[in-house]
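S.K.: Requesting a structural model of the entry that follows:
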Amino acid sequence: MPKTKAPPKVKKAKKGAAETHPDASEHKTAEKIMETVLKEQSVEASTERLDQWVTLECPHCAEATELHVIADMDGQSIDQDCTVCCRSFVAHIEIDEGEAHVGVEAA
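M.R.: Presented below is the predicted three-dimensional model:
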C-alpha cells in the first residue's frame, strides 16, 4: 500500500499577533470610543429633560412674569428686568427630581 502524505499543518496565529498590527490597536481604540458614545447617548435618551415655564412675582411691584426653565439651568442665578416696572431682580433656579424651584429677590 502506498504511503499518503499527511495534510500540511496549519499554523495557528499566536495570541496577541493581531494586536501587534498597527491598525488593530486603532480599531480597538475606535471600538472603545464608540461604546462610550453609545452608552452616553442611551443615558441621555433615558433622562427626562426639564422644559417648563415658571410663573414669578416681581419683588418690587408684585406683577407676575414667566421664566422658561430648562434642565441645564440648575444652580444658576439669572438677572431679569420686570416687564412692568423695569426694575431688576434675580431669579435663583434649583431643579430637584424633575421639578423647578425658583426663588426671586430684588437686585
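S.K.: what sits against the nearest residue to A107 once chain neighbours are set aside?
M.R.: Closest residue to A107 apart from its sequence neighbours, by Cβ to Cβ, 6 or more residues apart in numbering: S88 at 3.8 Å. For glycine as for every other residue, the C-beta is placed from the backbone atoms N, C-alpha and C. Shown in contact with S88 (Cβ atoms under 8 Å, 6 or more residues apart in numbering): D79, Q80, D81, C82, A106, A107.
S.K.: and with 10 Å instead?
M.R.: C58, P59, H60, D79, Q80, D81, C82, A106, A107 (Cβ atoms under 10 Å, 6 or more residues apart in numbering).
S.K.: Which of the helices or strands spans the fifth one?
M.R.: Just to be clear, that refers to Q80. In the assignment (DSSP states H and E), Q80 maps to strand 77-81.
S.K.: avg pLDDT for that strand?
M.R.: Averaged over strand 77-81, pLDDT sits at 93.
S.K.: quick one: strands adjacent to that strand?
M.R.: If you go by DSSP bridges, strand 77-81 pairs up with strand 88-96 (antiparallel).
S.K.: which parts of the partner strand are buried?
M.R.: Across strand 88-96, burial judged by 16 or more other Cβ atoms under 10 Å covers F89, A91, I93, I95.
S.K.: so what pLDDT did the last one get?
M.R.: pLDDT for I95: 89.
S.K.: now do the second one
M.R.: At A91 the predicted local distance difference test score is 95.
S.K.: so it makes contact with A106?
M.R.: No. Under the criterion of Cβ atoms under 10 Å, A91 is not in contact with A106, lying 11.4 Å apart.
S.K.: quick one on the thing from earlier: can you tell me what sits against the strand holding Q80?
M.R.: Strand 77-81 is contacted from outside by 56, 58, 65, 67, 69, 87-93, 102-105, 107, using Cβ under 10 Å, 6+ apart.
S.K.: Thanks again, I'm all set now.
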